[in-house]
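**Student:** Next come a sequence and a model predicted from it.
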Amino acid sequence: MAATANARTSVYGNNQAINSATNAQTVASGATWGANGISSEAFTINAAAGSAAITVTANETAQSVATKVNQQTSVTGVTADARADAQLSFGATGAYTLQLRSDNSTAEAITFNLTDSSNTPSGLAAAIS
């Protein structure tokens, strides 16, 4: 994505690759932890400073891939950053529990109840806080 700030001579090459897709999934209670849909893959970074091959393993995290890219910065001049975003949609009122987990071994549970008056983003925010 190019922006006016990217056109300054001090930041040539400051580009972003953003992937946004609708990938709605229903996750059953007790679903297996650790599967994220990433397949094993190899790609090459070709930049003005040089090239480097990166290999990604199945279910590797975005943070891990960014680390691999950053380990080649001295060769390619390319840096990477990882961020995870989620958009939740609830099709019905009722009680919900979200279990959040990252590198921690124990999931953190957030439990809330959606009623007709609280199934909006602001209602969800109020229920969580």
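**Tutor:** Nice, thanks for sending it over.
**Student:** Help me confirm that residue 112 is found in a helix?
**Tutor:** No: counting by DSSP: H, G, I helix; E, B strand; the rest coil, residue 112 is not found in a helix; it is strand.
**Student:** tell me the domain boundaries of the chain?
**Tutor:** Recorded structural domains for the chain (assignment: automatic domain parsing) are 36-81, 93-129.
**Student:** Give me the mean pLDDT for the shortest one.
**Tutor:** In this model, domain 93-129 has an average pLDDT of 76.
**Student:** likewise the first one?
**Tutor:** Domain 36-81 shows a mean pLDDT of 91.
**Student:** how about the helices in the protein?
**Tutor:** Ranges of helices in the chain, per DSSP state H, are 62-70, 73-76, 121-128.
**Student:** For residue 89, find the nearest of the ones you listed.
**Tutor:** Between residue 89 and the helices of the chain, the shortest gap by Cβ to Cβ is with helix 121-128, which sits at 10.4 Å. (Each C-beta comes from the backbone N, C-alpha and C, glycine too.)
**Student:** Tell me which of the helices of the chain is the most buried.
**Tutor:** Sort these by mean neighbour count, taking mean count of other Cβ atoms under 10 Å, and helix 62-70 sits at the top with a mean of 16.
**Student:** now for that one, which elements pack on it?
**Tutor:** strand 50-56 (3 or more Cβ pairs under 8 Å, 6 or more residues apart in numbering; DSSP states H and E).
**Student:** can you do 6 Å?
**Tutor:** Here helix 62-70 touches no other helix or strand, going by 3 or more Cβ pairs under 6 Å, 6 or more residues apart in numbering; DSSP states H and E.
**Student:** residues in contact with it?
**Tutor:** 54, 56, 79-82 (Cβ atoms under 6 Å, 6 or more residues apart in numbering).
**Student:** Narrow those residues to those that are buried.
**Tutor:** Neighbour counting by 16 or more other Cβ atoms under 10 Å classes 54, 56, 80 among the contacts of helix 62-70 as buried.
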